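Asks: Here is a sequence together with a model predicted from it:
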Amino acid sequence: MAGDRSSLVLISEGPTETFRIGKILGRGLKGGDLVALTGELGAGKTCLTQGIASGLGVPGSYTVTSPTFTLVNEYPGREAALYHLDVYRLTGSADLHEMGYEEYLLGSGVLVIEWAEKIRDAIPDEALFIVISWLDENVRKIEFSACPERIGFWERTFKEGGFE
């Protein structure tokens with residue numbers, strides 16, 4: 001990751017809190033934003049994405065699941081669509097062209113990529129990178145990385161309790 005970057009670390013005490021963090025994120029994301037998620041299997045990437053979907057206003061009638069076998073799921077949001085990619089099964093960024101990655105990257109929706117480390121060379125440095133780590137059975141460390149201005153925005157947002 002080139003350039004000046006800052007980080008923000010949040011601790012989630014369980015899935016409900018991870019979802020809430022995602023919901024706050026979703027409310028602050030705009031069309032064209034990219035969120036690159038990394039973390040071990042079961043760390044909470046999909047749970048965080050479900051919260052993002054809720055924050056974006058994806059109707060509750062949609063079940064947000066990890067698109068491991070379909071590679072991408074699209075959901076209508078209030079102001080921007082959610083494009084949810086899971087690149088776990090890809091061998092690298094060369095596989096992205098076949099799935100139309102550029103269209104999602106340049107589109108007007110919010111793009112969330114699970115297993116982003118597999119395609120790191122295809123993710124713009126402007127993306128919001130989030131690493132989710134296990135601390136114990138339920139507790140997770142959620143570390144955001146982005147340019148200092150963007151991290152400052154998220155620090156203020158979470159300190160103030162979100163957009164509610």
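Replies: Nice, thanks for sending it over. Bear in mind the structure is a predicted one, so any value in this text is a computation, not a measurement.
Asks: Now tell me which helix or strand of the chain has the poorest mean pLDDT.
Replies: helix 101-105 (a mean of 79; mean pLDDT, DSSP states H and E).
Asks: continuing past it, what's the next helix or strand?
Replies: The helix or strand immediately downstream of helix 101-105 is strand 110-114, counting by DSSP states H and E.
Asks: Other residues contacting the next helix or strand after that following strand?
Replies: Counting by DSSP H and E, the next helix or strand C-terminal to strand 110-114 is strand 128-134. Strand 128-134 has contacts (Cβ atoms under 8 Å, 6 or more residues apart in numbering) with 1, 18, 33-40, 42-45, 48, 116, 123, 140-146, 150. Bear in mind the C-beta positions are built from the backbone N, C-alpha and C, glycine included.
Asks: Among the residues you listed, name the buried ones.
Replies: Using 16 or more other Cβ atoms under 10 Å as the burial test, those include 18, 33-39, 43-45, 48, 116, 123, 140, 142-146, 150 as buried.
Asks: isn't residue 143 right up against residue 5?
Replies: No: Residue 143 sits out of contact with residue 5 when judged by Cβ atoms under 8 Å, with a separation of 11.4 Å.
Asks: Just the angle for the host helix or strand of residue 21 relative to strand 110-114, thanks.
Replies: For residue 21, the element it lies in under DSSP H and E is helix 15-28. Here helix 15-28 runs at an angle of 150 degrees relative to strand 110-114 (axes from the mean of the first three to the mean of the last three Cα atoms, to 10 degrees).
Asks: contact partners of helix 15-28?
Replies: Residues outside helix 15-28 that contact it (Cβ under 8 Å, 6+ apart): 10, 12, 35, 44, 47-57, 77, 110, 132, 138, 140, 142, 153-154, 157-158, 162-163.
Asks: just the CA coordinates of it, formatted as PDB?
Replies: Below are the C-alpha coordinates for helix 15-28, written out as PDB (Å, rounded to 0.1, in the frame of the first residue of the first chain):
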ATOM      1  CA  PRO A  15     -21.400 -10.800  15.900                       C
ATOM      2  CA  THR A  16     -24.100  -8.300  17.000                       C
ATOM      3  CA  GLU A  17     -21.400  -5.600  17.500                       C
ATOM      4  CA  THR A  18     -19.600  -6.600  14.300                       C
ATOM      5  CA  PHE A  19     -22.900  -6.100  12.400                       C
ATOM      6  CA  ARG A  20     -23.400  -2.700  14.100                       C
ATOM      7  CA  ILE A  21     -19.900  -1.600  13.100                       C
ATOM      8  CA  GLY A  22     -20.700  -2.600   9.500                       C
ATOM      9  CA  LYS A  23     -24.000  -0.800   9.700                       C
ATOM     10  CA  ILE A  24     -22.300   2.400  10.700                       C
ATOM     11  CA  LEU A  25     -19.800   1.900   7.900                       C
ATOM     12  CA  GLY A  26     -22.600   1.400   5.400                       C
ATOM     13  CA  ARG A  27     -24.200   4.600   6.400                       C
ATOM     14  CA  GLY A  28     -21.000   6.500   5.700                       C
END
